[in-house]
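> this is a predicted model, with the sequence first.
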Amino acid sequence: MNEYMTCGAFWRCGGCRYGAEPYEAQLAAKKQELEGLFRKVLPEEFFACESYEGMLGSPVQTGYRNKMEFSFGNESKDGPLTLGLHRKGSFYDIIPVPDCLIAPEDFGTICTAVQVYFREKNVPFLHKRSHQGSLRHLVLRSSLSGAVMVNLVTASNYHPEPDFTEMLLALPLKGRISGILHTENNSLADAVIPDKVNLLWGEDFLTETVLGLTFRISPFSFFQTNTRGAEVLYGKAREYIGAIDGCTLYDLYSGTGTIAQVLAPAAKEVIGVEIVEEAVAAARENAALNGLNNCRFLAGDVLKELDAIEEVPDMIVMDPPRDGVNPKALSKIMGKGARNLLYISCKPSSLVRDIPALALGGYEAKKLCFVDMFPNSANCEAICLLSRR
């Protein structure tokens, strides 16, 4: 057994599937599993040549998650208020995780203090069946500099008292709190869906640096949860893309424009498409922050926005959500006629599903590797370069 077993919630949480194994053993297990998956759609000889690079590990294996979404509830029916993560296989039971080893230490300190605070105030959590109560989630985001953004999510029937902010600011943290927000969420879904966001104190964004570029991260915009791992991922993506002088690139499902801006200095133009308007606004702001005037970001669904883009792409980069690319959108993407496609997948099985369709459209896998963005868990990312035959 190694240090990861010291987490008191290991067997109940289920998040760290490989937490009891040395890191090299984790990488080997993930590599074997993913190779078996991709052998279903790629020829055996592909895995014996230099086109396949295997598994790349994360530079950090503990405390790497820069975002955690904790839930209010209880460990058992009628039990005391608990702030933590869902018990493995349970929709209702919440278990405390004060010593979660994939989250920064300050997250545990904040969670413990917030749980104590609301127990003493006797503020109820929002029950999933009756929809009675107030407290829903606590979302924590951090930067490599140690700054932490605290976002309390409740139903609109509750507003934090001033001493909530005072309590947080008085905590003995290794880093510092840069902003405290209150999000009102009345959705029936058990998800953080903001109806209104109130800034209680400080800043409503974090600043992070990736591969020499600066990014402002807003409360609800997507950003890779493992910043050091993201540098490995984006560095490998840049390597696969190669020379792009004078080229026009599409960055589809662009989020806050991280990939677009990593590639922009070497390209003629990069056009990003993202459906989340807040993320598009952040992407535009980040491009200006980094002095990049050859990036353009469009807010809308990829399926529709592709029709509105007149520029012919030399390369298309896509980093879709876990479910992969909509088949109709995939057809349009191939119809753009780009010489190369770079597919980054946070759910490799979705990429495996799409490779045969891409092959029918004339695209052949040229390079493939896996990047372990989520040490100790079962998840992994895949990067695949495909070229027109």
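Nice, thanks for sending it over.
> what is the neighbour count of the closest residue to residue 336 other than its chain neighbours?
Closest residue in space to residue 336, ignoring its immediate chain neighbours: residue 313 at 5.5 Å, by Cβ to Cβ, 6 or more residues apart in numbering. For every residue, glycine as well, the C-beta is placed using N, CA and C. The local packing of residue 313 (other Cβ atoms under 10 Å) involves 24 other residues.
> tell me where the stretch 1-150 of the chain has helices.
10-13, 23-38, 105-121 (DSSP state H, counting those that start in this stretch).
> so which of the ones you listed gets nearest residue 304?
Among the helices of the stretch 1-150 of the chain, the nearest to residue 304 by Cβ to Cβ is helix 23-38 (31.0 Å).
> need the pLDDT of the closest residue to residue 274 other than its chain neighbours.
With Cβ to Cβ, 6+ apart as the criterion, residue 274 has its nearest non-adjacent residue at 4.6 Å, and that residue is residue 254. Looking at residue 254, its pLDDT is 93.
> how about residue 254, phi and psi?
Residue 254 adopts backbone torsions of phi -80, psi -10, taken as degrees, to the nearest 10.
> which ones are touching it?
For residue 254, the contacting residues are 260, 272-274, 279-280, 283, 297, 319, by Cβ atoms under 8 Å, 6 or more residues apart in numbering.
> repeat that for residue 289.
Here residue 289 is in contact with 214-216 (Cβ under 8 Å, 6+ apart).
> and with 7 Å instead?
214, 216 (Cβ atoms under 7 Å, 6 or more residues apart in numbering).
> do the same with residue 384
Residue 384 touches 343, 351, 365, 367-368, counting by Cβ under 7 Å, 6+ apart.
> where does the stretch 101-250 of the chain have low pLDDT?
Judged against pLDDT under 70, the stretch 101-250 of the chain has no low-scoring part.
> tell me where it has strands.
135-142, 147-154, 176-184, 196-202, 206-210, 213-217, 248-252 (DSSP state E, counting those that start in this stretch).
> could those go into TSV alongside distance to residue 118 and mean neighbour count?
Output for these, formatted as TSV (distance: least, Cβ to Cβ, whole Å; neighbours: other Cβ atoms under 10 Å):
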stretch	distance to residue 118	mean neighbour count
strand 135-142	6	24
strand 147-154	9	24
strand 176-184	13	19
strand 196-202	15	15
strand 206-210	24	19
strand 213-217	26	20
strand 248-252	41	26
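> can I get those strands in CSV including distance to residue 161?
Listed next are the strands of the stretch 101-250 of the chain as CSV, based on distance: least, Cβ to Cβ, whole Å:
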stretch, distance to residue 161
strand 135-142, 13
strand 147-154, 11
strand 176-184, 11
strand 196-202, 10
strand 206-210, 25
strand 213-217, 27
strand 248-252, 43
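> who's residue 198 bridged to?
residue 182 (DSSP bridges).
> out of the contacts of residue 384, who's nearest residue 130?
Using Cβ to Cβ, residue 351 is the member of the contacts of residue 384 that lies nearest residue 130, at 41.3 Å.
> ok, that closest one touching residue 345?
Yes: the criterion here is Cβ atoms under 7 Å, and residue 351 meets it with residue 345 at 3.8 Å.
> center of the chain, which residue is that?
Centroid-nearest residue in the chain: residue 224, 4.0 Å away (criterion: Cα atoms, centre = their mean).
> once you drop chain neighbours, what's closest to that residue?
That would be residue 230: by Cβ to Cβ, 6+ apart, it lies 3.7 Å from residue 224.
> give me the number of residues near that neighbour?
23.
> now do the same end-to-end measure for stretch 132-151.
21 Å (Cα to Cα, to the nearest Å).
> give the buried residues for the strand or helix carrying residue 285.
Using DSSP states H and E, residue 285 maps to helix 277-289. For helix 277-289, a neighbour-count test (16 or more other Cβ atoms under 10 Å) marks 278-287 as buried.
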